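Colleague: Sharing a model prediction with you, sequence too.
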Amino acid sequence: QAKGETYGLARKIEQLEISKRKFLGEGLDASSIEELQQLENQLERSLTKIRAKKYQLLREELDKLKEKERNLTAENKMLTEKYEMGRGGIIPRTSSTTTSEDLDTEESEMEVVTDLLIGPPPIRHSKKFPPN
C-alpha cells in the first residue's frame, strides 16, 4: 500500500511539474489546441485575479496617502494659526488653506521705492537708427 501511495504521489508531482512548465510557456509542442485553450483560459482567470489584487492594494495605498494629506493639511493649518497668534494675528487671511507660496510672501519683507523726483524724467540713451 505504501508503494502504491508513493507511486501515486510521484505521478502527481510529475503532472504538477508538467503543468508548471506549460504555465511558463515551456513544453507546449505536444499540446493539443484544446489543452492550449484551457491553459489560456486558466492564465486569463489568474491574470484577472492578480490585477484585482493589485488594484485593491493600490486603492488602499491611495486611501492611506489621502488620509496622510488630510492630516498634514490640518497640521499645517494649526501651525499657521499658531504662527499668526505669535505675531499678534496681524496677517490677514483670505482663504482657509495656506500654501508654501503664501508663507514665502508673508515672511519676506518687501522694499518699496518712495523717492520723489522733481523735474523732467531722466534722459535715456537709446540706440538711434540713421534715416533711410
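Modeller: Received it, and whenever you're ready, just let me know what you need.
Colleague: so what does the biggest helix by length in the chain touch, helix or strand wise?
Modeller: If you go by DSSP state H, the chain has its longest helix at helix 33-86. When contacts are defined as 3 or more Cβ pairs under 8 Å, 6 or more residues apart in numbering; DSSP states H and E, helix 33-86 sits against helix 2-23. For every residue, glycine as well, the C-beta is placed using N, CA and C.
Colleague: can you pull the buried residues of the helix it packs on?
Modeller: Lys22 (16 or more other Cβ atoms under 10 Å).
Colleague: Quick one: work out the angle between that helix and helix 33-86.
Modeller: Going by axes from the mean of the first three to the mean of the last three Cα atoms, to 10 degrees, helix 2-23 is angled at 70 degrees with respect to helix 33-86.
Colleague: Would you mind extracting the C-alpha trace of helix 2-23 into PDB?
Modeller: Provided in PDB are the C-alpha atoms of helix 2-23 (Å, rounded to 0.1, in the frame of the first residue of the first chain):
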ATOM      1  CA  ALA A   2       2.900   2.400   0.800                       C
ATOM      2  CA  LYS A   3       4.500   1.700  -2.600                       C
ATOM      3  CA  GLY A   4       1.200   2.400  -4.300                       C
ATOM      4  CA  GLU A   5       0.800   5.700  -2.400                       C
ATOM      5  CA  THR A   6       4.400   6.700  -3.100                       C
ATOM      6  CA  TYR A   7       3.900   5.900  -6.800                       C
ATOM      7  CA  GLY A   8       0.700   8.000  -6.900                       C
ATOM      8  CA  LEU A   9       2.400  11.000  -5.200                       C
ATOM      9  CA  ALA A  10       5.400  10.700  -7.600                       C
ATOM     10  CA  ARG A  11       3.000  10.700 -10.600                       C
ATOM     11  CA  LYS A  12       1.100  13.700  -9.100                       C
ATOM     12  CA  ILE A  13       4.400  15.600  -8.700                       C
ATOM     13  CA  GLU A  14       5.300  14.900 -12.300                       C
ATOM     14  CA  GLN A  15       2.000  16.200 -13.500                       C
ATOM     15  CA  LEU A  16       2.300  19.300 -11.500                       C
ATOM     16  CA  GLU A  17       5.800  19.900 -12.900                       C
ATOM     17  CA  ILE A  18       4.500  19.500 -16.400                       C
ATOM     18  CA  SER A  19       1.600  21.900 -15.700                       C
ATOM     19  CA  LYS A  20       4.100  24.400 -14.200                       C
ATOM     20  CA  ARG A  21       6.300  24.200 -17.300                       C
ATOM     21  CA  LYS A  22       3.200  24.800 -19.500                       C
ATOM     22  CA  PHE A  23       2.200  27.800 -17.500                       C
END
